[in-house]
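[1] coords please:
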Amino acid sequence: MSNKSKLMVGVAGAGFAGRAHMEGYKNTEDAELIAVCDVSKERAQEAADKYGIPHVFTDFNEMISLKELDAVSICLPNTMHAPMSIAALEAGKHVLCEKPLAANAEQAQKMVDTAKRTGKTLAMSLNFRYEGRTLTLKKLIESGTLGDIYYAKTAMLRSNAIPRGWFHVKERSGGGPLLDLASHMLDVTWWLMGRPEPVSACGFTSSKLSSSGKGMGTWGVGYGDGPVDIEDIAVGLIKFKDGKSIFVEVSWALNGPPFHYCYLFGTEAGASLYPDFAIYKEPAIQAPPIEPSKDRIREFVRNILDGTEPLGPATDGLQVMKMLDAIYKSAETGKEAMI
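    Residues are numbered from 1 along each chain as shown. Coordinates of the predicted model:
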């Protein structure tokens, strides 16, 4: 437990995700936002002016050299998550990293190892875990309402929504919707199932639309453009040591209606997290009221000050990265990939 009453924090990245973190810290009485860093001095200064941040940087190493700084949020392109998080941990700072944890499992492992060695907290910003419906369903599952969950399927499918800027440039993003969307959907589904140990994956990816310039959206405008060299759809089946499995499908650009779902099937009942919260059981039972959502930023701050375990620990992010890597490998080789 920390003997500090307030956590001094900085945010790396002044884009959409970074500003969401800044908003969260400004609304958390136990945190003081003292630094912001962005490659664009103008964008960093604009954020500093809006949120009353005293220290503005374009050099990340300079920001983490601030003695009074306790923790940083990493809100940067995916391939920068590992090097920036590791540098911050080595500098003695706690880290809240946006998803995915890294661009691949090898990088994620180095992050987890560094956090363990330095004794600093490395947490993930997994906002789906903090939603009220997720927390409510988790309690129902832990109470035995669903019995043994043996299968789940989940998806986030979008139409004509390939992001612009760094999102579609593999050198900076590390991948397409499999990293961007499945890092949410696979994570929350796997977490609800009780985090079973993955053993293998079968996967499929396609870039039929992205490679032909079709399916582009407006998200990411203003962040620069580059070659569109990522998949626009990915599908995977994860098998677990205890015989359970999860089917996941994600896309930025389908010629069809957008769709978002998460279904879990147990020996006593089934459940829907998305699109609607519901419990499926015979005889029918009433789904309980959804409890309030938790604030991911506030929770991170309290984790550090109270010395408690984050709801989204980096070790979970590492496991999810292993599953995503295996889906990519299977899609590339046409064979089942072991984890």
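[2] I'd assumed Glu32 was in contact with Lys26.
    No: Lys26 is beyond contact range of Glu32, at 9.3 Å (criterion: C-beta atoms under 8 Å). Using the backbone N, CA and C atoms, a C-beta is placed for each residue, glycine as well.
[3] what about the protein, any weak spots by pLDDT?
    1-3, 161-174, 209-227 (pLDDT under 70).
[4] Nearest the middle, which residue of it would you pick?
    The centroid of the chain falls nearest to Lys99 when counting by C-alpha atoms, centre = their mean (2.8 Å).
[5] show me what contacts the closest residue to Phe265 other than its chain neighbours?
    Distance criterion C-beta to C-beta, 6 or more residues apart in numbering; nearest residue to Phe265, sequence neighbours excluded, is Tyr151 at 4.7 Å. Counting by C-beta atoms under 8 Å, 6 or more residues apart in numbering, Tyr151 touches Lys244, Ser245, Ile246, Phe247, Leu264, Phe265.
[6] which of these lies closest to Ala234?
    Among the contacts of Tyr151, Phe247 lies closest to Ala234 (C-beta to C-beta), at 11.9 Å.
[7] Quick one: neighbours of the closest one, just the number.
    Around Phe247 there are 16 other residues, counting by other C-beta atoms under 10 Å.
[8] now the strands: where do they sit in the protein?
    Under the criterion DSSP state E, the chain contains strands at 7-12, 31-37, 55-57, 71-74, 94-98, 122-125, 149-157, 198-206, 233-240, 245-251, 259-266, 270-274, 278-280, 337-338.
[9] Looking at those, spot the one closest to Pro83.
    Closest approach to Pro83 among the strands of the chain is made by strand 71-74 (9.8 Å; C-beta to C-beta).
[10] Mind giving me the packing neighbours of that closest one?
    strand 7-12, helix 16-26, helix 78-90, strand 94-98, helix 296-306 (3 or more C-beta pairs under 8 Å, 6 or more residues apart in numbering; DSSP states H and E).
[11] could you redo the last one with a cut-off of 6 Å?
    strand 7-12, helix 78-90, strand 94-98 (3 or more C-beta pairs under 6 Å, 6 or more residues apart in numbering; DSSP states H and E).
[12] what lines up beside that strand in the sheet?
    Sheet partners assigned to strand 71-74 using DSSP bridges are listed as strand 7-12 (parallel), strand 94-98 (parallel).
[13] now the residue lying farthest from the centre of the chain: how far from Gly144?
    In terms of distance from the mean C-alpha position of the chain, Pro283 ranks first, at 36.5 Å (C-alpha atoms, centre = their mean). Per C-beta to C-beta, to the nearest Å, Pro283 is found 17 Å from Gly144.
[14] and what of Asn127?
    Distance, Asn127 to Gly144, using C-beta to C-beta: 27 Å.
[15] Output the longest helix belonging to the chain.
    Ordering each helix of the chain by length in residues (DSSP state H) puts helix 314-333 first.
[16] So what touches it?
    Helix 314-333 is contacted by residues 101, 104-105, 108, 112, 122, 124, 178, 186-187, 198, 201-205, 236, 238, 337, 339 when judged by C-beta atoms under 6 Å, 6 or more residues apart in numbering.
[17] ditto for stretch 289-305
    Applying C-beta under 6 Å, 6+ apart, the external contacts of stretch 289-305 come out as 2, 7, 24-25, 28, 30-31, 94, 96, 121, 123, 125, 127, 130-133, 135-136, 310.
[18] coming back round to it: just the buried residues of the contacts of helix 314-333.
    In these, burial by neighbour count holds for 101, 104-105, 108, 112, 122, 124, 178, 186-187, 198, 201-203, 205, 236, 238, 337, 339, counting by 16 or more other C-beta atoms under 10 Å.
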